[in-house]
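Enquirer: Following is a predicted model, sequence given first.
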Amino acid sequence: MQLNGKTILIIGGSSGIGLESIKHFLAEGMKVIICGRDGLKLQQVKSKFPSIATISCDITKSEDVSLMHQLVVTSGGIDVLYHNAGVVNVHSLAELTAIAFATSEMETNYLAAVRLTSLFLPELGKRNEVALVFTSSAVAYLPAAFVPTYSASKAALHSYVLSLRYQLSALHKNIHVIELIPPTVDTEATKSFTSKKVSVERVAKDLINGLKNNRSTVHVSIAKPFYYLHRFFPSLAFSIVNPKNPIR
């Protein structure tokens, strides 16, 4: 995919992987729009990257998403929709708060991606060489028990992406569907995690490479060997991911 001159909308672009990826997309000659819930963070990112556009939006609210969609379409539309927003919680499934964590994670990590994709597909279908990108996770294959409902939300997203890619292969051959699958990434959300982490820069660079080479799946770092390990030695893979004490 040729990136120069194209426009990307990054959902969750004010921190973590999304924030890091901004400079890489700009370096490729892309126009960048980001959305996020925190208006102050958006202002800070805008001051760092003056050429980008920002939209304040809570992607779990249908009215916010509809307004963002209208703003993007009237401003000229996009060529790449990048679903990167995510929330993760360390918790026990035996706690009463489990349902609240599960609801929050499913709404942000999965349902919001479905909602946004459905809204933007009609416009994307009319453009040449466009892409839908989803930040998934290695735990989509095999759950990490200390983040149980986060793992479940990423498994749901992974399954959705596979079905979406299959359906669009017949309906819209111009739309490339990419699943970005990193292991644990070194961000503010994972600062309490004890597992080995990859940098946001590594993830962003691998994504750029995947887009340029029209790859459907972008495994980052150890995510690829982990995929094969879980396929052929599932019990071993589970024991590596999950310590004896599942709550960290």
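Expert: Looks like it came in fine.

Enquirer: Could you list the low-confidence segments of the chain?
Expert: Low-confidence segments of the chain, defined by pLDDT under 70: 245-248.

Enquirer: Just the helices from it, written as ranges.
Expert: Assigned helices in the chain, in chain order: 16-27, 39-48, 62-74, 98-106, 112-124, 148-171, 200-212, 223-232, 234-241 (criterion: DSSP state H).

Enquirer: Buried ones in the first one, by neighbour count?
Expert: Within helix 16-27, the residues that qualify as buried are 16, 17, 18, 19, 20, 21, 22, 24, 25, counting by 16 or more other Cβ atoms under 10 Å. Every residue, glycine included, has its C-beta placed from N, CA and C.

Enquirer: cool, the longest one as well?
Expert: Residues of helix 148-171 classed as buried: 148-158, 160-161, 164-165, 168 (neighbour count, 16+ other Cβ under 10 Å).

Enquirer: With distance to residue 33 added, can I get the helices of the chain in CSV?
Expert: Output for those, formatted as CSV (distance: least, Cβ to Cβ, whole Å):
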stretch, distance to residue 33
helix 16-27, 10
helix 39-48, 11
helix 62-74, 7
helix 98-106, 25
helix 112-124, 12
helix 148-171, 22
helix 200-212, 16
helix 223-232, 28
helix 234-241, 35
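
Enquirer: Ok, which of these comes nearest residue 134?
Expert: helix 148-171 (5.3 Å; Cβ to Cβ).

Enquirer: For the closest one, name the packing helices and strands.
Expert: On a contact count with 3 or more Cβ pairs under 8 Å, 6 or more residues apart in numbering; DSSP states H and E, helix 148-171 meets helix 98-106, helix 112-124, strand 130-135, strand 175-181.

Enquirer: try 10 Å this time
Expert: helix 98-106, helix 112-124, strand 130-135, strand 175-181, strand 217-219 (3 or more Cβ pairs under 10 Å, 6 or more residues apart in numbering; DSSP states H and E).

Enquirer: Select, out of those, the one closest to residue 79.
Expert: strand 130-135 (4.8 Å).

Enquirer: Give me the sheet partners of the closest one and which way each runs.
Expert: strand 80-83 (parallel), strand 175-181 (parallel) (DSSP bridges).

Enquirer: I'd like these laid out as JSON lines, including distance to residue 127.
Expert: Shown next, in JSON lines, are the strands paired with strand 130-135 (distance: least, Cβ to Cβ, whole Å):
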{"stretch": "strand 80-83", "distance to residue 127": "10"}
{"stretch": "strand 175-181", "distance to residue 127": "9"}
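
Enquirer: Output those in CSV, with distance to residue 199 and mean neighbour count appended to each entry.
Expert: Formatted as CSV, the strands paired with strand 130-135 follow (distance: least, Cβ to Cβ, whole Å; neighbours: other Cβ atoms under 10 Å):
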stretch, distance to residue 199, mean neighbour count
strand 80-83, 18, 25
strand 175-181, 14, 23
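
Enquirer: Among these, which comes closest to residue 62?
Expert: Evaluated over the strands paired with strand 130-135, closeness to residue 62 peaks at strand 80-83, with 16.0 Å, by Cβ to Cβ.

Enquirer: Check the offset of that closest one from the chain's centre.
Expert: 8 Å (Cα atoms, centre = their mean, to the nearest Å).

Enquirer: then it to PDB, C-alphas only?
Expert: Extracted in PDB, the C-alpha atoms of strand 80-83 (Å, rounded to 0.1, in the frame of the first residue of the first chain):
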ATOM      1  CA  VAL A  80      -7.000   4.200   6.700                       C
ATOM      2  CA  LEU A  81      -9.100   3.600   9.800                       C
ATOM      3  CA  TYR A  82      -6.900   2.400  12.700                       C
ATOM      4  CA  HIS A  83      -8.700   0.900  15.700                       C
END
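
Enquirer: if I read this right, residue 228 contacts residue 237, doesn't it?
Expert: Yes - the pair residue 228 / residue 237 is scored as a contact, 9.2 Å apart, by Cβ atoms under 10 Å.

Enquirer: Those two - which one has more neighbours?
Expert: More crowded of residue 228 and residue 237, by other Cβ atoms under 10 Å: residue 237, with 20 against 11.

Enquirer: I appreciate the help and will end here.
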